[in-house]
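K.L.:
pasting the structure only:
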């Protein structure tokens, strides 16, 4: 999928953005192994038993539709100092290429090309060599998908009167007041309450709905401390990510650590190492999305894999974005 934007001075941008992050500390960011791909993702029929085990409860699939919101893209000739719990990052020595304070929602779907914002959102950046692109995203992503399974799969209503699972699970809107299911989510109610809170429906005949999935932490460590920054070693580059409050500072590690809430996370920043050579021949930019593993499935394996499986919720997973320079 490609997006062509004819703006006056753009350049090559090749990056991997990972929407779910894990980390051990704010100053020493570790790379963490990816969640495995669901068996059957490439064929369109998921086999939970191919991946889900007593120690693995997640796998990734391709969503039918994925949406994300960009706020800004800033280019830097050197890596800026990342945000901490006491200071926001300093981009004073960088150049803003794209900015829309209200955000520009982009749809990522097979066969669909969608421009990021409008020409008015872009600024000419000085000629030069840029080594970092700072991407600013909304921490809430949208999905809509229907997943075919090779076995009957249940949702949270398993075992309740009148319910039976099926070989199709779809996204459904949670009954929570904010309509968001978060990465760090607590399901501790009754079967029906958990189903209402969740964002997946595996009943026969269910129809997929657009859902909102929020990033409210990047990880929860062994001491139950919430972590708000992280890093992944991607296909091309290692990407650092920072989930910040409205003041641009990281939430304090361990602070505001509450499941099923935003935890004051207002924006998500990605620090992407790049090699951008912007000169007078630069005339445009193409961006291609690869979200073949953009959606995470969280199963309840009950301590051991079993049929039928129970699919608890839909989560964020990583996706690729690759840009290509257009020059005269």
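P.N.:
Done, it's in. Source: prediction; values computed, not measured.
K.L.:
residue contacts, the closest residue to residue 77 other than its chain neighbours?
P.N.:
Excluding the flanking residues, the one nearest residue 77 by C-beta to C-beta, 6 or more residues apart in numbering is residue 130, at 5.6 Å. Backbone N, C-alpha and C define where each C-beta goes, glycine included. By C-beta atoms under 8 Å, 6 or more residues apart in numbering, the contact set of residue 130 is 11, 75-77, 95, 274-276, 278.
K.L.:
What separation is there between residue 130 and residue 229?
P.N.:
Using C-beta to C-beta, to the nearest Å, residue 130 is found at 22 Å from residue 229.
K.L.:
where are the low-confidence patches of the stretch 201-328 of the chain?
P.N.:
233-237, 253-256, 283-289, 301-307, 319-327 (pLDDT under 70).
K.L.:
quick one: the helices in it?
P.N.:
Assigned by DSSP state H, counting those that start in this stretch, the helices in the stretch 201-328 of the chain number zero.
K.L.:
can you check the stretch 51-200 of the chain too?
P.N.:
Counting by DSSP H, counting those that start in this stretch, the helices of the stretch 51-200 of the chain are 191-197.
K.L.:
Any regions of it where pLDDT drops low?
P.N.:
Counting by pLDDT under 70, the stretch 51-200 of the chain contains low-confidence residues at 109-114.
K.L.:
repeat that for 90
P.N.:
Of all residues in the stretch 51-200 of the chain, those with pLDDT under 90 make up the ranges 51-57, 107-119, 122, 124-125, 130-133, 159.
K.L.:
on that earlier part again, just name the closest of the contacts of residue 130 to residue 165, please.
P.N.:
Set against residue 165, the nearest of these by C-beta to C-beta is residue 274 (45.4 Å).
K.L.:
Cross-check the contact I'm expecting between that closest one and residue 129.
P.N.:
No. Contact criterion C-beta atoms under 8 Å: residue 274 and residue 129 do not qualify, at 9.8 Å.
K.L.:
neighbour count winner among these two?
P.N.:
residue 274 (19 against 13; other C-beta atoms under 10 Å).
K.L.:
May I have the beta-bridge partners of the residue nearest to the more buried one when sequence neighbours are not counted?
P.N.:
With sequence-adjacent residues excluded and distances taken as C-beta to C-beta, 6+ apart, residue 274 is closest to residue 133, at 5.0 Å. Beta-bridge pairing for residue 133 (DSSP bridges): residue 75, residue 272.
K.L.:
measure residue 133 to residue 77 for me?
P.N.:
Distance from residue 133 to residue 77, by C-beta to C-beta: 11 Å.
K.L.:
So for those two, which sits in the more crowded spot?
P.N.:
Applying other C-beta under 10 Å to residue 133 and residue 77 shows that residue 133 carries more neighbours, namely 22 against 15.
K.L.:
Please look at that one and residue 75 and confirm they touch.
P.N.:
Yes. Contact criterion C-beta under 8 Å: residue 133 and residue 75 qualify, at 5.7 Å.
K.L.:
overlap in contacts of those two?
P.N.:
274, 276.
K.L.:
got the contact list for residue 142?
P.N.:
In this structure, residue 142 makes contact with 65-68, 105, 210-213, judged by C-beta under 8 Å, 6+ apart.
K.L.:
quick one: which of these sit in strands?
P.N.:
Using DSSP state E, the members of the contacts of residue 142 that fall in strands are 65-68, 105, 211-213.
K.L.:
how about the residues you listed in TSV, adding distance to residue 144?
P.N.:
Below are the ones in strands among the contacts of residue 142 laid out as TSV (distance: C-beta to C-beta, whole Å):
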residue	distance to residue 144
65	4
66	8
67	9
68	13
105	13
211	7
212	11
213	11
